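[1] Kindly return the folded structure for what I paste below:
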Amino acid sequence: MPTAVDSPAADLVVAEGNSTGRVRARRGESLTGWAFAAPFAVLFGLFLVVPAVYGLYLSFTGETLTGANGELIGFANFAEALGDPDMWKSFGNTLWFTLLSTVPLVVLSLAFALLVNLGLPGRWLWRLSFFLPYLLASTVVVLFWSWMYNPKLGLINGVLAEFGIAPVAWLQDPNVAMISVVLTTLWWTIGFNFLLYLAALQNIPEQQFEAAAIDGAGKWRQLFSIVIPQLAPTTALIVTLQVLASLKVFDQIYMLTNGGPAGSTRSIVQYIYEAGFTGYRFGYSSAISYLFFAIIVLISIAQYKLINRRSAQ
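    Purely as a prediction, here's the structure:
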């Protein structure tokens, strides 16, 4: 005869008690997780979500820096921005900077990582020298390169003079000002991409190179058949990060050239800043910001689909 403890009813009570205990435990873990996430969630809402929503609201008003003209005007700001030639010129400058900077920042960082990965003497010094500029503040970088670009006293023109080449107005000539900004950006930011590539190279199994060498593959064949395909995910990441960073360029351009000469280096972010804080048109600058945001989203989607399509092949 079964005892009271062994009865089905008793088993059911024990099972229900265990289930209730697990539910309470999961609920306690969930509350603990929310408690840890709450400070970030509050700050995220206050400093990102609320300003973003308020900026979207401003884009539909004519509000100025003084708070006047805050009434709703519909899509008037967006229509004006789409027909603003200065806005489109600034956006074109941004795309031109993105193209000029992204390609060498990917190619050169890969080349430097390959050279260091070969086992050059003093690899720690090479890693430090490539990455150290990335740790500098933008103001320090701009101050250093402003002296380098000085038409009369700069080191670059001094070196050119030794070869009989006339001095170049690096930051004053519309034909070379953007290239000067790109060179500064290369020197400043290439270290980050270099480290990403170097870490990816060191994760490639050595057995793959040994097997390729046994099959008679030389260094160049190994580079194009093993290294570059293995680095494809890292390259996709670097290109994505670099394009997004270049589209948002502001610091070095603003401090080096202030968008000049003749607006040849003014970025779209600087134009947004000038529309809001120099032209005192908060509503208009907000509209341009959201148009630019929409363009970035479209570029990101296109880039994502392109990368996925290549990965699937």
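
[2] pretty sure residue 230 contacts residue 204?
    Yes - if you go by CB atoms under 8 Å, residue 230 and residue 204 touch, sitting 5.0 Å apart. All C-beta atoms are positioned from the backbone trio N, CA, C, and that covers glycine.

[3] Give me the common contacts of these two.
    Residues touching both residue 230 and residue 204 by CB atoms under 8 Å, 6 or more residues apart in numbering: none at all.

[4] Name the next helix or strand downstream of the lowest-mean-pLDDT helix or strand in the chain, please.
    Within the chain, no helix or strand scores below helix 8-44, which has a mean of 70 by mean pLDDT, DSSP states H and E. Moving toward the C-terminus from helix 8-44, the next helix or strand (DSSP states H and E) is helix 50-58.

[5] helices or strands next to that next one in the packing?
    Under the contact definition 3 or more CB pairs under 8 Å, 6 or more residues apart in numbering; DSSP states H and E, helix 50-58 sits against helix 282-312.

[6] So which bits of the helix it packs on are buried?
    By 16 or more other CB atoms under 10 Å, the buried positions in helix 282-312 come out as 282, 283, 284, 285, 286, 287, 288, 289, 290, 291, 292, 307.

[7] could you list every residue that touches residue 77?
    So residue 77 contacts 59, 60, 62, 283, 284, 286, 287, 288 (CB under 8 Å, 6+ apart).

[8] unless I'm mixing things up, the third one is touching residue 71, no?
    Which is residue 62. Yes - with contact defined as CB under 8 Å, residue 62 reaches residue 71; the gap is 6.7 Å.

[9] Can you report how many residues neighbour the nearest residue to residue 246 once chain neighbours are set aside?
    Leaving aside its sequence neighbours, residue 246 sits nearest to residue 98 (CB to CB, 6 or more residues apart in numbering; 3.9 Å). Residue 98 has 21 neighbouring residues, counting by other CB atoms under 10 Å.

[10] Return the distance of residue 36 relative to residue 90.
    Here residue 36 is placed at a distance of 42 Å from residue 90 (CB to CB, to the nearest Å).

[11] more crowded one of these two?
    residue 90 (25 against 10).

[12] In which helix or strand does the more buried one reside?
    Here residue 90 is assigned to helix 85-117, by DSSP H and E.

[13] in that helix, what counts as buried?
    Buried residues in helix 85-117 (16+ other CB under 10 Å): 87, 90-91, 93-95, 97-98, 100-102, 105-106, 109-110, 112-113, 116-117.

[14] Between the contacts of residue 77, which sits nearest residue 170?
    Distance ranking of the contacts of residue 77 against residue 170, using CB to CB, places residue 288 first at 29.3 Å.

[15] check contacts around the closest one.
    Taking CB under 8 Å, 6+ apart, one finds 77, 81, 87, 268, 271, 272, 275 in contact with residue 288.

[16] among those residues, which are in strands?
    Assigned to strands by DSSP state E, none of those qualify.

[17] Quick check: the farthest pair among these?
    77 and 268 (15.4 Å).

[18] List the contacts of the residue lying closest to residue 82 once chain neighbours are set aside.
    Spatially, and ignoring its direct neighbours in sequence, residue 82 is nearest to residue 291 (7.4 Å; CB to CB, 6+ apart). Contacts for residue 291 (CB under 8 Å, 6+ apart) come out as 78, 81, 82.
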